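Visitor: Give me a 3D structure for the following:
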Amino acid sequence: MQRAIEMCLPTTIHRMCIWHIMKKIPRKLNNYKRHEEIEQEMSYVVWNSFTKDAFYRNWNDFVTKYGLGGNKWLSELYEDCHIWIPVYLDYHFWVGMISTQRSESMHAFFIKQADSKEREREFDAADFHTVIPCATKLAIEAQFQHVYTHEKFRKVQG
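Guide: Numbering: from 1, shown residues only. Now for the predicted structure:
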């Protein structure tokens with residue numbers, strides 16, 4: 001998804017959803033001893049690192065303390081910290097929205113756009129293959145009949 005966004009919307013900032021990441025912790029780290037403590041500490045590191053240096057230091061301390069250096073999932077998250085850790089994204093304007101709201105609202109936006117495009121194609125097909133009869137013998141109505149969509153033509157007739 002990130003690559004598609006970068007290609008199609010190059011000036012858009014892609015951000016991973018912290019809520020989704022944090023929700024995966026129990027499943028991804030459940031096989032470690034003290035996994036509940038790990039979850040709490042990871043949450044602390046994510047939300048309470050107020051500078052990039054503090055994040056690096058806190059993350060490294062966290063990984064070392066719990067012996068998580070070989071965990072692939074955490075390593076990948078660390079590599080992508082610039083798109084999900086709050087301290088890296090604070091300089092962008094997010095209209096006070098949390099990441100889940102952005103994610104869900106963007107999903108809804110794109111689904112609405114796709115639905116709208118599909119309806120538009122259906123209307124175009126109907127407009128191309130059918131003709132709404134003129135209500136009068138006026139030349140202007142016949143002209144509208146050929147250049148307007150069915151929806152607009154009905155409004156002109158009404």
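Visitor: Report the buried residues of the helix or strand containing V87.
Guide: Here V87 sits within helix 86-89, counting by DSSP states H and E. Using 16 or more other C-beta atoms under 10 Å as the burial criterion, the residues of helix 86-89 that qualify are V87, Y88, L89. Placement of C-beta: from N, CA and C, glycine included.
Visitor: and the closest residue to the last one other than its chain neighbours, which of the three is it?
Guide: Distances taken as C-beta to C-beta, 6 or more residues apart in numbering put R15 closest to L89, at 6.0 Å, once the chain neighbours are dropped. Classification of R15 using DSSP: H, G, I helix; E, B strand; the rest coil returns coil.
Visitor: wouldn't R15 be in contact with W84 here?
Guide: Yes: under the criterion of C-beta atoms under 8 Å, R15 makes contact with W84 at 6.5 Å.
Visitor: what helices or strands is the helix holding V87 leaning on?
Guide: helix 52-66 (3 or more C-beta pairs under 8 Å, 6 or more residues apart in numbering; DSSP states H and E).
Visitor: The residue lying farthest from the centre of the chain: which element?
Guide: Among the C-alpha atoms of the chain, the one most distant from their mean position (C-alpha atoms, centre = their mean) is that of K137, at 52.0 Å. Assigned by DSSP H and E, K137 falls within no helix or strand.
Visitor: Report pLDDT for it.
Guide: Per-residue pLDDT puts K137 at 86.
Visitor: quick one: it from Q143, how far?
Guide: For K137, the distance to Q143 under the criterion C-beta to C-beta, to the nearest Å works out to 13 Å.
Visitor: Now the element after the lowest-mean-pLDDT helix or strand in the chain, going C-ward?
Guide: For the chain, counting by mean pLDDT, DSSP states H and E, helix 99-129 ranks last in confidence among helices and strands (a mean of 66). The first helix or strand that comes after helix 99-129 along the chain, using DSSP H and E, is helix 139-147.
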